[in-house]
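Engineer: predicted model and sequence follow; I will ask about them next.
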Amino acid sequence: MNRERGFTLVELLVVIGLIALVTAVTVNLFYQFYRVPRWGQAQLNVSNALRSVALWLAHDAHESSRFTPAGSCGVFDTGRGVTYTYTLNGHQLERTESGSGRTRIVARYVTTLQCPTSVTSGLAVFRLTLSSGPVSISETLTVTLRVAP
């Protein structure tokens, strides 16, 4: 019997199919390995920045008896000679304290900030949009100023 050595066409097609299957699974794995954590990190960045903005605004509103729309956002006045000013510098929200002159970055990833033009019943309404990579969040924050003595 004279058989030639080599592979049949069916064997080659089966091997090529297995290679394609392994390649598809591997590509999907790498896609999830790189893409999903990046989206998750962007979501985490935006959530943390929003939390930070909310905490700082609530803190300064609680300390202040008056909010004056001025500058790029406005000024919280404590009535004790200390004011807190918020400005949007690029994608960073900055807070400046008048007493020490110290400027602190409150949050990054802030793309837009709408500050109140007036305060009614001690309530100041801030609208902001934060975005990082594929994630974007728009929020409205309402803070209550402390009642003036």
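Structural biologist: Received it, and whenever you're ready, just let me know what you need.
Engineer: so how far is Gly17 from Thr23?
Structural biologist: 11 Å (CB to CB, to the nearest Å). The way it works is simple: take the backbone N, C-alpha and C, and place the C-beta from them, glycine included.
Engineer: need the overlap of contacts for the two.
Structural biologist: Here Thr23 and Gly17 share no contacting residue, scored by CB atoms under 8 Å, 6 or more residues apart in numbering.
Engineer: can you list the buried residues in the host helix or strand of Tyr86?
Structural biologist: With elements taken from DSSP states H and E, the one containing Tyr86 is strand 83-89. Within strand 83-89, the residues that count as buried by 16 or more other CB atoms under 10 Å are Thr83, Tyr84, Thr85, Tyr86, Thr87, Leu88.
Engineer: would you confirm that the fourth one contacts Pro69?
Structural biologist: Read it as Tyr86. No. Using CB atoms under 8 Å, Tyr86 is not in contact with Pro69, being 11.0 Å away.
Engineer: and for those two, which residues touch both?
Structural biologist: Cys115.
Engineer: how long is stretch 74-91 end to end?
Structural biologist: 17 Å (CA to CA, to the nearest Å).
Engineer: distance from the chain centre to it, please.
Structural biologist: A distance of 22 Å separates the centroid of the chain from that of stretch 74-91, by CA atoms, centre = their mean, to the nearest Å.
Engineer: any idea of the mean pLDDT in that stretch?
Structural biologist: Stretch 74-91 carries an average pLDDT of 90.
Engineer: check stretch 95-111 too.
Structural biologist: So the average pLDDT for stretch 95-111 ends up being 91.
Engineer: tell me the buried residues in it?
Structural biologist: Using 16+ other CB under 10 Å as the test for burial, stretch 95-111 gives Arg95, Thr96, Glu97, Val106, Ala107, Arg108, Tyr109, Val110.
Engineer: can I get those in JSON lines with secondary structure?
Structural biologist: Output for these, formatted as JSON lines (DSSP: H, G, I helix; E, B strand; the rest coil):
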{"residue": "Arg95", "secondary structure": "strand"}
{"residue": "Thr96", "secondary structure": "strand"}
{"residue": "Glu97", "secondary structure": "strand"}
{"residue": "Val106", "secondary structure": "strand"}
{"residue": "Ala107", "secondary structure": "strand"}
{"residue": "Arg108", "secondary structure": "coil"}
{"residue": "Tyr109", "secondary structure": "coil"}
{"residue": "Val110", "secondary structure": "strand"}
